[in-house]
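# just a sequence and a predicted model for now, questions to come.
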Amino acid sequence: MSRSAEDRNRRLLRARDMIDRSYASPLDVAALARVAHVSPAHFARQFRLVFGETPHRYLQRRRIERAMELLRDTDRPVTEVCLDVGFASLGTFSRTFSAVVGESPSAYRERTVATQRGAAQYVPACVEKTLRRPVGAAAQMSSSGEADQVAAL
Amino acid sequence: MFKHITHTTLYVLDQDVALEFYVGKLGMVVKTDADMDVMRYLTVTLPGDDSLELMLLLPGPPLHDEATAEQVRELIAKGGAGGGVIFETDDCVGTYEALRAKGVEFTQEPTERFYGTDCALRDPFGNPLRFTERPRST
């Protein structure tokens, strides 16, 4: 029993690592399910069981974390940041960003550029990636206009 | 107060598999491999620098009761056990390519950062590892 839980966790971790690497691409449930050795139909449920959130929400938080860095530490226009991190539409990006972070991309940029730009100069990327990732909230995510996708996963 | 950090612990799920990985693939060397009856005390270090020993220990008695050990094992496997090691290298890309050829599982390709070039991998159990090549000028 224990060994099978370990084995399942390790396989799901491999899939989660894949989401982290290919965050700019759409969620490829079939490919992720293959990596995790589960059927596509069971993947999202297994992922949620192990990591406490759906793969879709995990991906969105990863993308928002990348967007936060680009907004904070570069001068790239918001529309380009949106595409860079894997959102196809600015509307979805802005809604998701606001739902997770609590303010719009441009408001976040305005607030943080003055105080936090360059904070990454002092923090290793692995720490940055892990600790700065927004926690968000399930309820907020489902109000981001993507409830259908969450449910579909 | 203190002078050096000499030992740190990484929990692994199988010490033989850990040896194959840390020695066989990453090129570390065994410093101590002792049967202490209640446990196998296994440490590895770098061939050129034995100032830090990495203890590769199994979760379990006498340190953990069975139920706790099971929880620790499951946390390691989902990447949530909290341990991890960062190595320094003179050649991040070359090391990355050599290790990839050996089937090591990378979570991040070599990437330029302000502190150098680094990349990330997992050991066979789920522990996160990373190695960095410092910028040449510093």
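Looks like it came in fine.
# sec struct for B:Ile5, please.
Secondary structure assignment for B:Ile5 (DSSP: H, G, I helix; E, B strand; the rest coil): coil.
# quick one: contacts for the nearest residue to it once chain neighbours are set aside?
Spatial nearest neighbour of B:Ile5, excluding adjacent residues (Cβ to Cβ, 6 or more residues apart in numbering or on different chains): B:Leu52 at 6.1 Å. Where C-beta positions appear, they are placed from N, C-alpha and C, glycine not excepted. When the contact criterion is Cβ atoms under 8 Å, 6 or more residues apart in numbering or on different chains, the partners of B:Leu52 are B:4-8, B:45-46.
# which residues touch the helix or strand hosting A:Glu110?
In this assignment (DSSP states H and E), A:Glu110 forms part of helix A:105-116. The contact list for helix A:105-116 (Cβ under 8 Å, 6+ apart) reads A:67-68, A:71-72, A:78, A:81-82, A:93-94, A:97-98, A:101, A:103.
# what's the spacing between that helix and its chain's center?
20 Å (Cα atoms, centre = their mean, to the nearest Å).
# for that helix, which positions count as buried?
A:105, A:108-109, A:112 (16 or more other Cβ atoms under 10 Å in any protein chain shown).
# which one (most neighbours) among the contacts of helix A:105-116?
A:Phe97 (29 neighbours; other Cβ atoms under 10 Å in any protein chain shown).
# B:Ala77 versus the closest residue to it other than its chain neighbours, what's the distance?
Once flanking residues are discounted, A:Phe97 sits nearest to A:Pro105: 5.0 Å by Cβ to Cβ, 6+ apart. To B:Ala77, A:Pro105 is 36 Å away according to Cβ to Cβ, to the nearest Å.
# counting neighbours, what do you get for the closest residue in space to B:Leu75 that isn't next to it in sequence?
Of all residues not flanking B:Leu75 in the chain, B:Ala81 sits nearest, at 4.4 Å (Cβ to Cβ, 6+ apart). B:Ala81: 20 surrounding residues under other Cβ under 10 Å.
# dump the residue contacts of B:Ala77.
A:5-10, A:13, B:13, B:125-126.
# how about a cut-off of 6 Å?
Residues near B:Ala77 by Cβ atoms under 6 Å, 6 or more residues apart in numbering or on different chains: A:6, A:9-10, B:126.
# neighbours of A:Val85, just the number please.
A:Val85 has 21 nearby residues by other Cβ under 10 Å.
# so where is the chain shaky, pLDDT-wise?
Looking at chain A here, since you left the chain open. A:1-2, A:116-131, A:136-153 (pLDDT under 70).
# looking at chain B here, not the other one
Looking at chain B by pLDDT under 70, you get B:137-138.
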